[in-house]
Structures are given as C-alpha cells and as structure tokens.
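1. what's the 3D shape of this:
(one chain, ligands or ions: 1)
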Amino acid sequence: TLTEREEARLQARTPASKRMHARAVRSMTSGVPSSYQVRDPWPIYLTHGRGARVWDVDGTEYSDFHNGYGSMVQGHAHPAIVRAVGERIALGSHFAMPTEDSIVVSEELARRFGLPRWRYVNSGSEATMDAIRIARGITGRDTIIKIFGSYHGHHDYVMVSIGTPYADIGPADHMNSLGYGAGIPQAVVDLTVPVPFNDAPAMLRRVEALVAEDRAPACVIMEAAMMNLGVVLPEPGYLAAVREITARHGIILIFDEVKTGLCVAAGGATERFGVRPDMVTLAKALGGGLPSGAIGATAEIMEIVATDRVKQVGTYNGNPLTMAAARASLLEVLTGDAYAHLERLGDRLTAGCDEILARHGLPGYTVSVGSKGCVNFTDALIRDYTSFMEHQLAELPALAWLYNANRGVLMAPGREEEWTLSVQHTDADVDRYLDSLDQLAHDLVR
Ligand code: PLP
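-> Below is the predicted model:
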C-alpha cells in the first residue's frame, strides 16, 4: 500500500533517529519527553531550526509547519528573540521577583485583547487550570462547561470528553463526561460537563438543566475556533449566542487562546471574531519558544486574585527569560506587517490545497484562519467533535503526514493537528507543502 511504501521510505531516511531512539528508550520513557512526541516505530529527533526550517539528526532539512504545536509563529531563532533572550540571560535568568518586561508585556496584551489585567504561568495547562479556579472562586460554583472534544491541557479539570470513541459521545443535550486516561478522579470528571461546539441551543438547554439541578456552572471554557480537531471555525452567530447565554446566567466565559492567540490575529480569536470573553488564556506563541502562559481578565474578575482570595502563584511565573522573549515577540516580531504576511501566505496555501483537491477530483476542503489551517479529507461538513469523528478518516491524514515528512514538510502528527505558518515562512515553503499534497492526490486517484 501507499502507507507501507511511505513508511519504509521514512525509516530509510532516518537511520540516525533510529539509533538515537534505541539509546533514548533506555533512560527516557518511550524515548520521548512527552507522550505527544511518540511516533512508531521511532520519532524524528531534531538538532536545530532557523527561520521556517528545521534539521533532523540525519541532516535532513524540513519546512516546519508543525512549529512546536503552533508555539513558533515567530519562526525559529528569530534574531530579535535571540538578542532579547541573550541579553537577558547574561543579566540573570530567574529571580522570582518582577522585571520591567512583565509590565511591558501586560500593557501590550491588555491593548491587544481588550482585557486590562494579566497574570503569568508557564504552560497552557497552568493557564486554563488557574482560570477555572478563578472562575470557581468568584462564582462559588463547582461545575464547569467545556466543549466536547476540546483540549485545554493535561490537568484533571479538562482531561474530560476528549479522544472519546464515537459510540461514547452521547446525545447533544446530555453528552457524557468521560475521563481521558487513568488517574483522573471520577468526582472531578463529573464536575466537567461537555456540550457540542457550534450548537448554542444545546448549550442553553444544558445550562438550564444544570441550573434546575442546582449545579449552575462557574464558567464555559472554550476555543473560539477549535484547533484540536484540525481547524473548526465558529458558525455565524454562535459565539455571540454563547456570550449571551453565559452573561444571562452569570457564567464566566473563558476563551482558551493557547493556540489561537497571537496566531489568528494580533488580538487572537477575540479580535478576529469580535466577541469579548471575560477571561483569556494564552501560552505557546506568547513565549517565542520559551515556556509561557498568561491569564487575562477584567479588573472585576482579577480583584479576587488581587485580594488573595484565590491563590494564583508559581515560582517561575513571569520568568525574566520568558518575559524578554514575549516582549520582543510582541513589540518587534508579531507586527502588523507580520500578520499581513501570515494572512497572504495562509490564503495562498488554502487556495492551493483546494485547487489540488478539485483538480484531482479528491473529496475534501481546506479550513484556515490566519497562520492556522488544515485539509479535511471529506466533503462532509466538520462542525463539531461528532462530525469530526464521523467523517474525518484516520488513514488519509496519517498518509498525508508521511508524504509530507518524506518531501521535506514537517507537520504535527495526528489528524487533530493543523498547520502553523510562521512569519519567516516564504512562498518557497508554501510551494513545498502544495507539491507534497499534489503528489499525494495524484497517487491516491491513480
Ligand atoms: N489549551 C489549548 C487550546 C491547547 O491546544 C493546549 C495544548 O495543546 C493547551 C491548552 C495546553 O497547553 P500546554 O501544552 O502548554 O500545557
């Protein structure tokens, strides 16, 4: 089969990764730092990156559309970030006391997201965990609502109703709360109630049912555009309806912008889709490659942190290296020109993918927003987790990943993942992606 041929080709191209993996498994579980880096029979180990390109231990160069799960919208080793971090590290890398850069970053995030008060953490998981705690602290409510199939990090509150088999999803009005993997207490799972994306009436009915059961939710945590099912855009009116439902019931609306923030517009999905949440969580691209996370909110909400009724703490919060990288990212790299460049390349990539699918008569369509996008290998509309599970075939995205890897295009593995363009990508990188898809489409319809 094509898959076997491409897998054999990739293995033949990566002998040094194979050797490194044999060594790695002896000291590192599965040979990787995080289970999301597992790939059978071995992952590709990298040495370095520059601009839009990365190199593996066999010396092979790739155009990077993985970009660290979208953390590197700045591109690799951007001179402004290298300089900022280099200057900072020579002045001391950690104090657990505030530096001026954290003020500059807060001022800039407040301007971009329209939320005046910020706090810092070191990952997206910590950002969503603290945001949910703040929402619970303010409302005095324990139950929370999330979108079925949405990923918000690896802590217990949100490792619920993701990666669930189709048969276990449950009806739209009463979707199942299911823990993702062992070790998550059922009592915690039961506090997280999933609702379908793009279905405001179902959210309203679930909210009203919870209120009637004396389980009114503290918050709705959601991505304004889902980024962990490829890319699923909000349908017209959906986000405004969610805003209205949450406001009416005193529910805090959290937009998790760990993936969308700084990637789909200067002010993230909040700016792009024009609906203002009560809180925003950021991570990934904020740190320009350093571990980062941030929580933004209204002054009224952050008052509960200011008065120390909710504890929002952490040794590495506002780490000077991260703040220096974030400052350089926001002020020097992710400029208006940079977003215009991302938009132009994204439009070209999207149109190019659609043209290839149409020319070869292959079912499918492209969805994109800003630097993010994906090809759905189906003509069916993917608008939520249920339709994703029903229609997005697993084999084709896996084959597309192999085709890309063998043709110098690196993507995040897994059919849930989307591409991320960086400000250092050029038309040559887009051409590589399109050439790879063109060969795949050609071979598939032959
Ligand atoms: N929220 C969203 C939307 C994410 O995509 C992710 C990670 O992929 C997270 C939160 C968790 O971020 P981290 O992996 O930095 O903990």
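2. Quick one: name the residues of the stretch 251-400 of the chain near the ligand.
-> Asp256, Val258, Lys259, Ala283 (C-beta under 6 Å from any ligand atom). Quick note: C-beta positions are derived from backbone N, CA and C, even for glycine.
3. and which of the residues you listed is nearest Arg119?
-> Ala283 (12.6 Å; C-beta to C-beta).
4. And the residue nearest the centre of this structure?
-> Centrality entry for the chain: nearest residue to the mean C-alpha point is Lys259, 3.2 Å, by C-alpha atoms, centre = their mean.
5. wait, what's in contact with the closest residue to that one other than its chain neighbours?
-> Nearest non-adjacent residue to Lys259, counting by C-beta to C-beta, 6 or more residues apart in numbering: Met227, 3.8 Å away. Taking C-beta atoms under 8 Å, 6 or more residues apart in numbering, we find Met227 in contact with Gly70, Lys259, Thr260, Lys372, Glu418.
6. most surrounded residue in those residues?
-> Thr260 (31 neighbours; other C-beta atoms under 10 Å).
7. so that one sits right up against Ala269, yeah?
-> Yes. Under the criterion of C-beta atoms under 8 Å, Thr260 makes contact with Ala269 at 4.0 Å.
8. anything in contact with each of the two?
-> Common neighbours of Thr260 and Ala269 (criterion: C-beta under 8 Å, 6+ apart): Glu223, Ala224, Ala225.
9. Helices of the stretch 301-446 of the chain, start to end?
-> With DSSP state H, counting those that start in this stretch as the criterion, the stretch 301-446 of the chain has helices at 320-328, 336-360, 385-391, 395-406, 427-445.
10. How is Lys146 classified with respect to secondary structure?
-> Here Lys146 is recorded as strand under DSSP: H, G, I helix; E, B strand; the rest coil.
11. give me the number of residues near the nearest residue to it once chain neighbours are set aside?
-> Spatial nearest neighbour of Lys146, excluding adjacent residues (C-beta to C-beta, 6+ apart): Ile221 at 5.2 Å. Around Ile221 there are 27 other residues, counting by other C-beta under 10 Å.
12. Which positions in the helix or strand encompassing Ile221 come out as buried?
-> Remark: Ile221 resides in strand 219-222, with elements defined by DSSP states H and E. For strand 219-222, a neighbour-count test (16 or more other C-beta atoms under 10 Å) marks Cys219, Val220, Ile221, Met222 as buried.
13. sorry, back to before: tell me the most buried of the helices of the stretch 301-446 of the chain?
-> helix 320-328 (a mean of 26; mean count of other C-beta atoms under 10 Å).
14. Give me the local confidence score for the residue nearest to Lys259.
-> As predicted, Met227 sits at a pLDDT of 95.
15. what's the spacing between it and the ligand?
-> To the ligand, Met227 is 6 Å away according to C-beta to the nearest ligand atom, to the nearest Å.
16. just Arg111 next, same as before
-> 23 Å.
17. Also Thr315?
-> Thr315 is 17 Å from the ligand, by C-beta to the nearest ligand atom.
18. That residue contacts Phe95, doesn't it?
-> No. In this structure Thr315 lies outside contact range of Phe95 using C-beta under 8 Å: 10.5 Å.
19. quick revisit: what would the buried residues of strand 219-222 look like in JSON lines with pLDDT?
-> As requested, the buried residues of strand 219-222 are arranged in JSON lines below (pLDDT from 0 to 100):
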{"residue": "Cys219", "pLDDT": "99"}
{"residue": "Val220", "pLDDT": "99"}
{"residue": "Ile221", "pLDDT": "99"}
{"residue": "Met222", "pLDDT": "98"}
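20. Which single one of these is nearest to Pro201?
-> Using C-beta to C-beta, the buried residues of strand 219-222 come closest to Pro201 at Val220, 14.5 Å.
21. Isn't that closest one up against Asp256?
-> No. Applying C-beta under 8 Å as the test, Val220 and Asp256 come out as separate, 10.3 Å apart.
22. burial measure for the residue of the chain found nearest the ligand, as a count.
-> The nearest approach of the chain to the ligand comes at Gly124, 2.2 Å away (C-beta to the nearest ligand atom). Around Gly124 there are 28 other residues, counting by other C-beta under 10 Å.
23. Check the contact between it and Lys284; I expect there is one.
-> Yes. If you go by C-beta under 8 Å, Gly124 and Lys284 touch, sitting 6.3 Å apart.
24. anything in contact with each of those two?
-> With C-beta under 8 Å, 6+ apart as the test, Gly124 and Lys284 both reach Val258.
25. one step back: show the buried residues in the shared contacts of Thr260 and Ala269.
-> Here, 16+ other C-beta under 10 Å leaves Glu223, Ala224, Ala225 buried among these.
26. ok, which of those also contact the ligand?
-> Glu223.
27. with the buried ones among the shared contacts of Thr260 and Ala269 in mind, which one is nearest to Ala380?
-> For those, the nearest to Ala380 is Ala225 (18.7 Å; C-beta to C-beta).
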